[in-house]
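**Student:** Any chance you can model this:
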Amino acid sequence: MSADGFLSFANKDWHDIAPLCAGLAARGIELWIVTERREPSTRWHDAVRGGIEIAAAVILVVSPAWVHSPPCAYELGLARGMRRPIISLVELSQAMTVSDLPSVLRAPDVEHVDARHSIAHAAEEIASRLRPAAPD
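**Tutor:** Okay, here's the model as predicted:
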């Protein structure tokens, strides 16, 4: 069993990720998502570890809630420890740039996808990074 990506998001953002999931699924991207959003436990930690192990990359849905979420920090730490490519989805603007993100997200191992224009465009960008086009 494998997945193209592990989706890391804050509990508070659970309902907001549906359009992204649909956009990625429409592009053939298989996601591993923690379906039971609850407080971390041994079972939760094991499930998250297993999900990141089978994922080719980790996608961070960055929001203010994500930045302040210990479970999301745990997921990011596992992704780094397992040397998974990390893609952060964040709404960048003139008011918020990559330099405004917390230092853990400005590290060189994190690629950024701007969700400012549309979720469909962001899904296309993420899909292209997960499955680069074959050379001609």
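**Student:** The most centrally placed residue in the chain: what's it in contact with?
**Tutor:** Centroid-nearest residue in the chain, with C-alpha atoms, centre = their mean: Ile59, separated by 1.8 Å. Applying C-beta atoms under 8 Å, 6 or more residues apart in numbering, we find Ile59 in contact with 5-8, 31, 87-89, 126. Every C-beta, even on glycine, is put in place using the N, C-alpha and C of the backbone.
**Student:** which stretches of this structure aren't confidently modelled?
**Tutor:** 36-40, 92-95, 133-136 (pLDDT under 70).
**Student:** which residue ranges form the strands in it?
**Tutor:** Under the criterion DSSP state E, the chain carries strands at the ranges 3-8, 31-32, 55-61, 86-90, 110-114.
**Student:** Show me what the first one is packed up against.
**Tutor:** Packing contacts for strand 3-8, counted by 3 or more C-beta pairs under 8 Å, 6 or more residues apart in numbering; DSSP states H and E, involve helix 18-26, strand 31-32, helix 42-54, strand 55-61, helix 70-81, helix 119-130.
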